[in-house]
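> predicted model, plus sequence, below.
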Amino acid sequence: MRVGILGGTFDPPHIGHLVLGDQAWQQLGLDEVWFTPVGQPPHKAGKQVTDAAHRVAMTQLAIAGHPAFRLCETDAQRPGPHYSLTLMQLLREQHPEHEWFFLIGEDSLADLSRWHRPADLIELAALCVARRPGSRSDHAAVFEFLPALRERVRWIDAPLLDLASSDLRARLVAGGSVRYLVPDAALEYARTRQVYRRA
């Protein structure tokens with residue numbers, strides 16, 4: 001089975017995540033896309049992150065109804081550090097029969113040199129990058145840093161949705177609207193449980 005892994009904090013999950021997952025599913029011919037909330041993102045050490053149980057629940061509600069979307073709790077339930085490499089090592093051990101595709105946005109590709117052992121990561125999974133519409137970047141620096149990536153990268157054309165969960169959280173805390181940006185079921189969960197209440 002061809003499985004895409006879409007990891008993230010999902011704090012909260014938003015339509016940009018869903019669009020990326022759907023376009024990857026269609027364009028890459030994936031059988032399933034596993035949405036994988038991270039336990040504690042290494043790049044957010046020291047920052048406040050919503051409890052993983054809430055983020056897992058919101059993600060499950062957000063992806064419900066799509067025939068290929070699945071929730072993967074492997075990262076949220078395991079002890080840290082929560083690196084993409086260690087997640088993929090664990091998934092490969094658990095499901096050696098699957099072919100793996102790791103989904104990221106084009107902005108993350110530029111930061112790949114700062115990831116934990118990226119050369120080992122791309123040996124375990126093809127790196128699938130959602131290209132920003134109209135982008136002319138050739139990412140020469142990252143290909144120079146990691147030459148093997150040229151054979152392991154797949155490009156996805158996805159609509160430009162300039163959304164950040166941090167901005168959506170700020171709106172929610174301030175009582176603002178995120179309608180149509182956060183799936184209704186996830187938004188209702190966040191509101192009824194006051195996940196993003198004012199401090």
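Good, I have the coordinates. Note that this is a predicted model, so its numbers are computed, not measured.
> make it CA atoms for all contacts and neighbour counts henceforth
Fine.
> just the helices in this protein please.
Ranges of helices in the chain, per DSSP state H, are 15-28, 52-63, 74-77, 84-94, 106-109, 118-124, 140-145, 149-152, 165-173, 184-192.
> which positions within the longest one qualify as buried?
Put plainly, it is helix 15-28. 15-18, 20-25, 28 (16 or more other CA atoms under 10 Å).
> go on, the fourth one?
Residues 84-88, 91-92 are the ones in helix 84-94 that count as buried (16+ other CA under 10 Å).
> returning to what we had before: from the buried residues of helix 15-28, which is closest to Leu187?
Ile15 (11.6 Å; CA to CA).
> rewinding a little: may I see the helices of the chain organised as JSON lines, with distance to Gly7 added?
Listed next are the helices of the chain as JSON lines, based on distance: least, CA to CA, whole Å:
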{"stretch": "helix 15-28", "distance to Gly7": "9"}
{"stretch": "helix 52-63", "distance to Gly7": "11"}
{"stretch": "helix 74-77", "distance to Gly7": "9"}
{"stretch": "helix 84-94", "distance to Gly7": "8"}
{"stretch": "helix 106-109", "distance to Gly7": "12"}
{"stretch": "helix 118-124", "distance to Gly7": "14"}
{"stretch": "helix 140-145", "distance to Gly7": "21"}
{"stretch": "helix 149-152", "distance to Gly7": "18"}
{"stretch": "helix 165-173", "distance to Gly7": "14"}
{"stretch": "helix 184-192", "distance to Gly7": "17"}
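> looking at the protein, which helix or strand does the model trust least?
Every helix and strand in the chain was compared by mean pLDDT, DSSP states H and E; the lowest is helix 106-109, with a mean of 86.
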